[in-house]
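> Structure here, sequence nowhere to be found:
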Ligand SMILES: Nc1ncnc2c1ncn2[C@@H]1O[C@H](COP(=O)(O)OP(=O)(O)O)[C@@H](O)[C@H]1O
Ligand SMILES: C[C@@](O)(CCOP(=O)(O)OP(=O)(O)O)CC(=O)O
């Protein structure tokens with residue numbers, strides 16, 4: 001590719017299936033978010049040295065936000081940092097994209113310097129110590145600290161980065177990718193899952209990369225061994241094993257469209273208190289293993305409620321699209337959030353499912369010591385449920401003290417409703433909502449360039 005091109009990938013919120021989604025028996029609901037990670041790929045440039053590729057990834061929103069890696073076929077495309085700084089997510093994307101496409105330097109003579117700019121939308125990070133600036137017509141926040149030092153809001157910045165960078169880097173090697181992302185979506189997803197797991201040093205469920213690649217999806221995970229069984233990057237057989245995994249192996253995952261109803265909006269409330277997902281997962285696993293067979297009964301009940309929740313959202317989405325009189329009555333009742341809601345099974349089915357989900361999570365919280373829905377969050381969610389226009393609310397993902405998710409009718413303003421309400425004083429409503437589409441080409445690459 002010889003011209004500028006830009007791509008973006010969405011953030012994520014896991015609205016159903018936390019913990020269960022780690023087991024391929026269960027499905028989960030990953031919602032793509034309007035906060036996106038962006039990548040701008042520049043036309044090829046040339047290095048003086050012709051025996052290597054150099055990839056320069058710049059995140060100018062952050063202090064020291066530039067990483068330069070060199071790689072070559074001779075070294076099995078093992079990336080070597082030549083900027084002194086390292087970024088594991090960028091490094092693994094480079095290793096896997098080059099290992100997969102196997103570019104020869106002869107084919108890229110004088111086109112061996114690849115430059116990509118990364119931009120992240122505000123909601124991914126705390127905005128303290130930042131300044132809003134325009135790059136041409138797009139506005140981003142620029143921070144005075146390094147990316148690793150800026151507090152995150154848990155919207156999946158690393159998954160979005162890995163997915164959009166994989167897409168942008170691949171566009172140097174596949175001439176028609178930019179205008180056919182859909183055709184290459186599976187390859188992008190698979191390469192991104194591999195890179196993300198390798199960079200994190202652990203194999204999670206992958207729901208966050210699935211959301212970054214596909215948008216809002218009903219998701220069932222791949223077997224962890226698909227990735228853990230890969231040889232080391234640079235190993236003589238790594239490229240062949242990676243190509244076989246990406247192109248030929250059945251990952252046996254479920255990726256189905258399952259979106260929030262058009263007539264509803266997702267609100268994410270940042271609580272500004274962190275929770276360490278890895279420790280929560282370890283505590284829940286210990287509880288599950290030590291409380292069998294009752295723990296299996298709890299998971300089975302949770303799974304049924306998760307599926308009722310997901311099915312209920314799909315039913316409500318179909319109802320909204322019908323635009324008939326009954327649909328209007330149902331959505332009007334949600335807007336009022338009064339006793340009239342009890343008349344409509346489309347509303348009560350979803351609420352009953354979430355009630356069961358939250359009850360099970362409180363039971364696990366009590367028995368495992370993992371603060372999935374601790375009492376302070378229970379109180380906050382119960383208060384949220386009373387707000388005008390709220391259909392339901394829950395703790396997303398691994399739960400804890402990170403955030404709350406509220407599904408409310410369009411046109412409802414939770415910021416205004418809660419602004420002077422002491423009960424919500426520690427909630428910062430993020431400027432983010434659901435966005436159903438995954439990684440995509442952006443139509444205005446010039447909009448990211450400093451004029
Ligand atoms: N805009 C960015 N530019 C460069 N690296 C980024 C960017 N956003 C995220 N990262 C990388 O991802 C890491 C955060 O990943 P992680 O801890 O998994 O958080 P999250 O839950 O948001 O994915 C950062 O420390 C950094 O290495
Ligand atoms: C526990 C989980 O099932 C869900 C975690 O969801 P979060 O959205 O809390 O994830 P982080 O952003 O990594 O904290 C682990 C997994 O699925 O990998």
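Great, that's in hand. Just so it is clear, the model here is predicted, and its values are computed rather than measured. Ligands and ions are numbered 1, 2, ... in the order given.
> use CA for all of it now, contacts and neighbours both
Will do.
> what sits up against the helix or strand bottoming out on mean pLDDT in the chain?
Counting by mean pLDDT, DSSP states H and E, the chain has its least confident helix or strand at strand 130-135, which shows a mean of 88. Strand 130-135 has contacts (CA atoms under 8 Å, 6 or more residues apart in numbering) with 139-144, 447-451.
> for stretch 365-379, same thing?
Stretch 365-379 has contacts (CA under 8 Å, 6+ apart) with 280, 283-284, 286-287, 358, 361-362, 364, 395, 398-401.
> Do the lengthiest helix in the chain and ligand 2 come into contact?
Longest helix in the chain by number of residues, with DSSP state H as the criterion: helix 294-322. No - Helix 294-322 lies out of reach of ligand 2 by CA under 6 Å from any ligand atom, never closer than 12.7 Å.
> which secondary structure elements does that helix contact?
Contact here means 3 or more CA pairs under 8 Å, 6 or more residues apart in numbering; DSSP states H and E; on that basis helix 294-322 packs against strand 5-16, helix 277-290, helix 325-336, helix 345-368.
> Let me know which of those is tucked in deepest.
Among the helices and strands packed on helix 294-322, strand 5-16 has the highest mean neighbour count (mean count of other CA atoms under 10 Å), at a mean of 28.
> That strand - contacts with which helices or strands?
strand 28-41, helix 157-170, helix 207-214, helix 294-322, strand 440-442.
> quick one on the thing from earlier: quick one: work out the angle between the longest helix of the chain and strand 28-41.
Angle, helix 294-322 to strand 28-41, by axes from the mean of the first three to the mean of the last three CA atoms, to 10 degrees: 70 degrees.
> Can you list the buried residues in helix 294-322?
Neighbour counts using 16 or more other CA atoms under 10 Å place 295, 298-299, 302-310, 312-314, 316-317, 319-320 of helix 294-322 among the buried residues.
> rewinding a little: need the helices and strands packed on strand 5-16 in TSV with distance to ligand 1, can you?
Shown next, in TSV, are the helices and strands packed on strand 5-16 (distance: least, CA to the nearest ligand atom, whole Å):
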stretch	distance to ligand 1
strand 28-41	7
helix 157-170	4
helix 207-214	8
helix 294-322	23
strand 440-442	17
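> Which of the contacts of stretch 365-379 lies at the shortest distance from residue 63?
Closest approach between those and residue 63, by CA to CA: residue 401, at 28.0 Å.
> quick revisit: and the helices and strands packed on helix 294-322: which comes nearest ligand 2?
helix 277-290 (4.8 Å; CA to the nearest ligand atom).
> Does ligand 1 have contacts with that closest one?
No - using CA under 6 Å from any ligand atom, helix 277-290 never reaches ligand 1; the gap is at least 9.3 Å.
> Next one: the closest residue to residue 368 other than its chain neighbours from residue 299, what distance?
Leaving aside its sequence neighbours, residue 368 sits nearest to residue 287 (CA to CA, 6 or more residues apart in numbering; 5.1 Å). Distance, residue 287 to residue 299, by CA to CA, to the nearest Å: 12 Å.
> do residue 151 as well
From residue 151 to residue 299 the distance is 32 Å (CA to CA).
> what's the answer for residue 425, then?
Remark: distance between residue 425 and residue 299 (CA to CA) = 34 Å.
> Repeat that for residue 328.
Taking CA to CA, one finds residue 328 at 36 Å from residue 299.
> Same check on residue 442?
From residue 442 to residue 299 the distance is 41 Å (CA to CA).
> swap in residue 45?
Using CA to CA, we find residue 45 at a distance of 53 Å from residue 299.
> Which residue does the stretch 251-400 of the chain have closest to ligand 2?
Distance from ligand 2 to each residue of the stretch 251-400 of the chain (CA to the nearest ligand atom) is smallest for residue 397, at 3.4 Å.
> if we look at the sheet, which residues does the nearest residue to that residue once chain neighbours are set aside bridge to?
Excluding the flanking residues, the one nearest residue 397 by CA to CA, 6+ apart is residue 14, at 4.7 Å. Residue 14 has the following beta-bridge partners by DSSP bridges: residue 30.
> How about the contacts made by residue 14?
Residue 14 touches 28-31, 207, 396-397, counting by CA under 8 Å, 6+ apart.
> Quick check: the farthest pair among those?
Most distant of the contacts of residue 14, by CA to CA, are 207 and 396, 12.5 Å apart.
> Can you tell me the SS state at the residue lying farthest from the centre of the chain?
Note on the chain: the largest C-alpha distance from the chain mean falls to residue 48, namely 38.1 Å (CA atoms, centre = their mean). Three-state assignment for residue 48 (DSSP: H, G, I helix; E, B strand; the rest coil): coil.
> Next one: it from ligand 1, what distance?
26 Å (CA to the nearest ligand atom, to the nearest Å).
> Local confidence estimate at that residue?
Turning to residue 48, the model gives it a pLDDT of 81.
> Repeat that for residue 323.
According to the model, residue 323 scores 88 on pLDDT.
> go on, the one 10 residues further on?
Looking at residue 333, its pLDDT stands at 97.
> For it, which non-adjacent residue is closest in space?
residue 341 (5.3 Å).
> so that neighbour sits right up against residue 330, yeah?
Yes - between residue 341 and residue 330 there is a contact under CA atoms under 8 Å: 7.4 Å.
> Identify the contacts common to these two.
residue 347.
> quick one on the thing from earlier: quick one: buried ones out of the contacts of strand 130-135?
140-143, 447-448.
> Point out the residues in the stretch 1-150 of the chain that sit beside ligand 1.
Going by CA under 6 Å from any ligand atom, the residues of the stretch 1-150 of the chain near ligand 1 are 59, 87, 118-120, 147-148.
> For the buried ones among the residues you listed, write the corresponding PyMOL selection.
A single PyMOL command selects the buried members of those (16+ other CA under 10 Å):
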select buried, resi 59+87+118+119+120+147
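> From the residues of the stretch 1-150 of the chain next to ligand 1, pick the one nearest residue 347.
Residue 347 has its nearest neighbour among these in residue 120, at 35.4 Å by CA to CA.
> confidence score at that closest one?
Per-residue confidence at residue 120 stands at 97 (pLDDT).
> since we're on the closest residue in space to it that isn't next to it in sequence, how many residues are nearby?
In this structure, residue 120 finds its nearest non-sequential neighbour in residue 37, 4.6 Å apart by CA to CA, 6+ apart. By the criterion of other CA atoms under 10 Å, residue 37 has 28 neighbours.
> which stretches of this protein aren't confidently modelled?
1-2, 451 (pLDDT under 70).
> how does it divide into domains?
5-258+443-448, 264-429 (automatic domain parsing).
> any idea which of these is most buried?
Of the domains of the chain, domain 5-258+443-448 is the most buried (mean count of other CA under 10 Å), at a mean of 20.
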